[in-house]
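Student: Return a 3D structure for these sequence lines:
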Amino acid sequence: MIVEIQVWHLISLLLSFFGFAFGAGKILLAQIEKRQAEMLAEQARRFTVIERAMEHGSTEWARVERALLELKADLPRQYVMREDYVRGQAVLEAKLDALNQRLNAFFLGGQANG
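Tutor: Here you go, the predicted model:
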């Protein structure tokens, strides 16, 4: 069996093949471009969410830092250090001991004379 193809049939067959290949490539590239656009949009959305979280985190850190500074400012006024308390207590006890000695001396001196 002999197959004879004329030149114009061969040319039209090649043009059809290349047209099909070009069309399929164009469709494939359009789908790839669409998928890349979707991926970029998703990444942009994630980036936006991360930016919002970072802004929220930075405002939260600023709030925590401000609260800590306020606590540092209020701490000396509201709380007494242990050493200060011990020193104050020692002064009070020394005064009470001195008062006790004076009262004992007064009463003992009053009994000796009386």
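
Student: right, and the helix or strand after the strand or helix carrying residue 49?
Tutor: Applying DSSP states H and E as the criterion places residue 49 in helix 7-78. Heading C-terminal from helix 7-78, the first helix or strand you meet, by DSSP H and E, is helix 82-113.

Student: picking up where we left off before, which helices and strands does the helix holding residue 49 pack with?
Tutor: Using 3 or more CB pairs under 8 Å, 6 or more residues apart in numbering; DSSP states H and E as the contact test, no helix or strand touches helix 7-78. Backbone N, C-alpha and C define where each C-beta goes, glycine included.

Student: what is the mean pLDDT for that helix?
Tutor: For helix 7-78, the mean per-residue pLDDT is 90.

Student: what do you get for stretch 102-114?
Tutor: Rounded mean pLDDT across stretch 102-114 is 78.

Student: same question, stretch 81-93
Tutor: Per-residue pLDDT over stretch 81-93 has a mean of 88.

Student: Convert the C-alpha atoms of it to PDB, please.
Tutor: Only the C-alpha atoms of stretch 81-93 are listed here, as PDB (Å, rounded to 0.1, in the frame of the first residue of the first chain):
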ATOM      1  CA  MET A  81      11.100  46.900 101.300                       C
ATOM      2  CA  ARG A  82      12.000  44.300 103.900                       C
ATOM      3  CA  GLU A  83      15.100  46.100 105.100                       C
ATOM      4  CA  ASP A  84      13.100  49.300 105.600                       C
ATOM      5  CA  TYR A  85      10.500  47.500 107.600                       C
ATOM      6  CA  VAL A  86      13.200  45.800 109.800                       C
ATOM      7  CA  ARG A  87      14.900  49.100 110.400                       C
ATOM      8  CA  GLY A  88      11.700  50.800 111.300                       C
ATOM      9  CA  GLN A  89      10.700  48.000 113.600                       C
ATOM     10  CA  ALA A  90      14.100  48.100 115.300                       C
ATOM     11  CA  VAL A  91      13.700  51.800 115.900                       C
ATOM     12  CA  LEU A  92      10.300  51.300 117.400                       C
ATOM     13  CA  GLU A  93      11.600  48.500 119.600                       C
END
